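Colleague: Quick one, fold the following:
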Amino acid sequence: MCKLKDNSAIEISFPFTEMKDSMLLFSGSWENRKINWANPSQQNPKIEDKYEEATFKGNLQKYFSINTAFEDSLSERSINERVQIEFEISETGKASIVRIRNTKDEIVKKIIGNAFTKMALWKPAKRNDIAVKSFKTLPVTFIYDEGNTDNTVYKENFENTFTHTTINSVNSSAIRTYIFSTTKLGWINCDRFYNSPKPKTDFYVDCGNYTELDIKLVFHSFKAILDNYASTTTYKFQNIPDGEAITVVVIKKINNDTFISLTESNTNLKSLNNLTFEKVTMDKLKQKLEQLNNTR
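Modeller: Numbering: from 1, shown residues only. Below is the predicted model of the structure:
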């Protein structure tokens, strides 16, 4: 037994794990030290129980196709999973994950969580014109093959989702995924150069100022992409074969603007600076994609 102070209030709720169509909204009133629960629409037959589903502005599947772009941490792994996301939409329209089923992969869960963090507010569900919490289930398929970067579905969704006026709102990793989405390039594993007979060298790239950055080296001889991480404006690609023809792909944001640079070079030059950047447009991205496809 729990005794409350005089004139104090208590809220009673009943948790559940799954929203069913048969569920109804009840209100309770105290009578003789008991709560009488009743459905307002049944108490007054003139009141119709009207329910409106929560709605998302835009195509939800396309949103996840763009915002679950595979992160660098997945670049050397193979994944083929169809996960089920159970989430709730609050009375204010905020979507939050309740449960992710059919996967134990923590990186996949993290990517889904990031997509929900960036998600715009929904139009919340309404019952009798009053905003209420609601629950939804969404299947999302993750397919990532370490063999190559070919992903025509991502390319088509990207081009159908973003326009010349909205392209600069996209993060650099999503643009990177689009740029490589129809190439047959592979990802370089950490042991790729281990048995190479060529002498090794370090290669530096000065990317200039940025607020967000993504950089890759494309090796022409074996059609593959080398990833790296930066702590300053200068990237260091360490212990790679000397005398290799490469294309340096840099995507960076400066505040709200996105810029891109594709520069052909050779690892025997040891460094690359004074890159020429162009402001990103949809036409510019398609042009750069074609340039990568023609890499020799």
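
Colleague: pLDDT wise, what is R99 at?
Modeller: R99 carries a pLDDT score of 91 in this model.

Colleague: mind checking how far it is from L4?
Modeller: According to Cβ to Cβ, to the nearest Å, R99 and L4 sit 33 Å apart. C-betas here are computed from N, CA, C, even on glycine.

Colleague: the more surrounded of these two?
Modeller: Between R99 and L4, counted using other Cβ atoms under 10 Å, the more crowded position is R99 (11 against 8).

Colleague: Which positions in the helix or strand containing that one come out as buried?
Modeller: Following DSSP states H and E, one finds R99 within strand 95-101. Within strand 95-101, the residues that qualify as buried are A95, I100, counting by 16 or more other Cβ atoms under 10 Å.

Colleague: so whichever helix or strand comes after that strand versus strand 95-101, what angle?
Modeller: Past strand 95-101, further along toward the C-terminus, the next helix or strand under DSSP H and E is helix 106-118. With axes from the mean of the first three to the mean of the last three Cα atoms, to 10 degrees defining the directions, helix 106-118 sits at 160 degrees from strand 95-101.

Colleague: Okay, buried residues for helix 106-118 please.
Modeller: So, applying 16+ other Cβ under 10 Å, buried residues of helix 106-118: V108, I111, I112, A115.

Colleague: From one end of stretch 249-268 to the other, what's the distance?
Modeller: One end of stretch 249-268 sits 18 Å from the other (Cα to Cα, to the nearest Å).

Colleague: I'd like the average pLDDT over that stretch.
Modeller: Mean predicted confidence for stretch 249-268 is 92.

Colleague: mind checking how far it is from the chain centre?
Modeller: Stretch 249-268 sits 21 Å away from the centroid of its parent chain (Cα atoms, centre = their mean, to the nearest Å).

Colleague: change the start of the numbering to 17 and stick with it
Modeller: Okay, residue one is now 17; in that scheme the one you just asked about reads as stretch 265-284.

Colleague: for I267, helix, strand, or coil?
Modeller: The assignment at I267 comes out as strand when based on DSSP: H, G, I helix; E, B strand; the rest coil.

Colleague: Next up, the contacts around the closest residue to S45 other than its chain neighbours.
Modeller: In space, and not counting its chain neighbours, S45 is closest to N52: 5.4 Å by Cβ to Cβ, 6 or more residues apart in numbering. If you count contacts by Cβ atoms under 8 Å, 6 or more residues apart in numbering, N52 has them with G44, S45, W46.

Colleague: Near K78, how many other residues are there?
Modeller: 14.

Colleague: Once you drop chain neighbours, what's closest to it?
Modeller: Of all residues not flanking K78 in the chain, N173 sits nearest, at 4.9 Å (Cβ to Cβ, 6+ apart).

Colleague: The helix or strand containing the one you found: which residues count as buried?
Modeller: Counting by DSSP H and E, the element that carries N173 is helix 168-177. Neighbour-count burial for helix 168-177, counted by 16+ other Cβ under 10 Å, picks out Y170, K171, N173, F174, T177.

Colleague: Which of those sits closest to I267?
Modeller: F174 (13.6 Å; Cβ to Cβ).

Colleague: Surely the closest one and S197 touch.
Modeller: Yes. With contact defined as Cβ atoms under 8 Å, F174 reaches S197; the gap is 7.2 Å.

Colleague: Neighbours of W46, how many?
Modeller: If you count neighbours by other Cβ under 10 Å, W46 ends up with 8.

Colleague: packing partners for the helix or strand containing it?
Modeller: Per DSSP H and E: W46 is located in strand 43-47. On a contact count with 3 or more Cβ pairs under 8 Å, 6 or more residues apart in numbering; DSSP states H and E, strand 43-47 meets strand 50-54.
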